[in-house]
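**Q** What shape does this take:
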Amino acid sequence: MAQTEKKRKKRKRKNYFLRFVILVLFCVGMYYFLSSDIFDISKVRVVGNNYYTVEQIKDKANVKIGMNIFEFRKGKLKKKLLKDPYLKNVAIKRKLPSTIVIDVDERKEEAGLLDGDRYIIIDEDGLVLRISKDEPKVTRITNLKIQKSKVGKPIEVEGNALLNDTLKMLKEMDAADIFFKHINMSSIIVRAYISEQLICEGAPDNLRESAKNGNLQAALYEMHSKGIERGTIKIGSDNYCSFDPNAE
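**A** Prediction:
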C-alpha cells in the first residue's frame, strides 16, 4: 500500500510539472504572437470631430505607426489630448489587430466677447476656448467688463450671473434655430440683434422662455410674412410681448 501511494504521488508531481511546462510554453508563444508585426499600429481613425479636422486630431495625438498596439498607452494619450480646451472628452479604443480609434467630444463655440481689439471665444459654459483678433462667426457680445480671461479656464466678468443667463438663452436659441448676430449687455436686460435693424430686447430668461414656448418664433414669422425688417420686439415676463417699429 505504501509503495502504491508513493507511485501515485510521483505521478501527480510529474503531471504538475508537465502542466507547468505547457503553461510556460503557452505564455511564451502568446508573448511572441502578440509581439508580432500583426499587431503593429497601421491606422488611426478619428470620429466625432467637427471643429478640428481628422488630420489635426492625428497631429495632436501623434500616434506612432508601427508601434505594438498592446504597448500603446491609451490613458497617456487621453490626458495629452484633454489639455486642448476644445476637447471636452476623449475615448481611445484598440480595434484589433492594428487600428487605434480616437473618439472626440468637442466643445462648441457659443459667443465672442469683445475685449478691446480682441475677441474672447467661449463655449456654452463660459469656458475660454481661444482669443482672436478676428471677428468670430458666432454671436458677438459687447458692453461687458472682463475681469479675467485665460484659455482653458472659465471667463470672469463683472455680472457673471447675467452672462450665464445669456449663454443659456443662446443655447435655447440654437435649439429654436434663431441666430443673434450681436448682443449688447446692460445691468439687467440685453439687446439681441437679429439684424442691424431688427432687435429683441428683454431679460435673458424672458427671451429664453419666449423661444422655448414658440412665441418668439411666431412673432418673427408674422413680421417676415408682412415684410417687416425693422423694429424692436420687447419681451417681458408672463409671455408679455410688444413691438416698436422704430429701431435705434
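**Q** And the strands in the protein, which stretches?
**A** 43-47, 87-95, 99-106, 111-115, 118-122, 128-132, 139-142, 146-148, 156-157, 182-185, 190-193, 198-202, 231-235, 241-244 (DSSP state E).
**Q** and those strands as CSV, adding distance to Ile69?
**A** Backbone N, C-alpha and C define where each C-beta goes, glycine included. Shown next, in CSV, are the strands of the chain (distance: least, Cβ to Cβ, whole Å):
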stretch, distance to Ile69
strand 43-47, 11
strand 87-95, 5
strand 99-106, 7
strand 111-115, 41
strand 118-122, 37
strand 128-132, 33
strand 139-142, 44
strand 146-148, 43
strand 156-157, 44
strand 182-185, 49
strand 190-193, 51
strand 198-202, 54
strand 231-235, 57
strand 241-244, 60
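**Q** can you redo these as a markdown table with distance to Thr166 and mean neighbour count?
**A** What follows is those, written out as a markdown table (distance: least, Cβ to Cβ, whole Å; neighbours: other Cβ atoms under 10 Å):
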| stretch | distance to Thr166 | mean neighbour count |
| --- | --- | --- |
| strand 43-47 | 32 | 15 |
| strand 87-95 | 21 | 16 |
| strand 99-106 | 22 | 18 |
| strand 111-115 | 8 | 21 |
| strand 118-122 | 11 | 21 |
| strand 128-132 | 16 | 17 |
| strand 139-142 | 7 | 20 |
| strand 146-148 | 14 | 12 |
| strand 156-157 | 10 | 18 |
| strand 182-185 | 6 | 20 |
| strand 190-193 | 6 | 23 |
| strand 198-202 | 11 | 23 |
| strand 231-235 | 14 | 19 |
| strand 241-244 | 19 | 13 |
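**Q** got CSV for those strands, with distance to Thr53 and mean pLDDT too?
**A** CSV is the format used below for the strands of the chain (distance: least, Cβ to Cβ, whole Å; pLDDT from 0 to 100):
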stretch, distance to Thr53, mean pLDDT
strand 43-47, 9, 96
strand 87-95, 14, 95
strand 99-106, 12, 96
strand 111-115, 22, 96
strand 118-122, 18, 97
strand 128-132, 16, 97
strand 139-142, 24, 96
strand 146-148, 30, 94
strand 156-157, 32, 95
strand 182-185, 29, 95
strand 190-193, 32, 95
strand 198-202, 35, 94
strand 231-235, 39, 93
strand 241-244, 43, 87
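**Q** Could you double-check that Phe180 lies in contact with Met173?
**A** Yes: if you go by Cβ atoms under 8 Å, Phe180 and Met173 touch, sitting 6.5 Å apart.
**Q** Just give me the neighbour total for Asn246.
**A** 7 (other Cβ atoms under 10 Å).
**Q** Contacts only, for it.
**A** Gly231, Thr232 (Cβ atoms under 8 Å, 6 or more residues apart in numbering).
**Q** what does the model give it for pLDDT?
**A** The score at Asn246 is 78. That number is its pLDDT.
**Q** Could you do Tyr31 as well?
**A** We note a pLDDT of 56 for Tyr31 in this prediction.
**Q** State the number of residues packed around Asp37.
**A** Using other Cβ under 10 Å, Asp37 has 10 other residues around it.
**Q** what's Gly48 in contact with, if anything?
**A** Gly48 makes contacts with Asp103, Val104, Asp105, Glu106, as judged by Cβ under 8 Å, 6+ apart.
**Q** CSV please, covering those and showing distance to Arg208.
**A** Shown next, in CSV, are those (distance: Cβ to Cβ, whole Å):
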residue, distance to Arg208
Asp103, 32
Val104, 29
Asp105, 25
Glu106, 24
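**Q** gap between Arg107 and Asn89?
**A** 10 Å (Cβ to Cβ, to the nearest Å).
**Q** Repeat that for Asp37.
**A** Counting by Cβ to Cβ, the gap from Asp37 to Asn89 is 32 Å.
**Q** what residues are up against the residue lying closest to Asp40 once chain neighbours are set aside?
**A** Spatial nearest neighbour of Asp40, chain neighbours left out: Gly66 (5.2 Å); criterion: Cβ to Cβ, 6 or more residues apart in numbering. Applying Cβ under 8 Å, 6+ apart to Gly66 gives the contacts Asp40, Ile41, Ser42.
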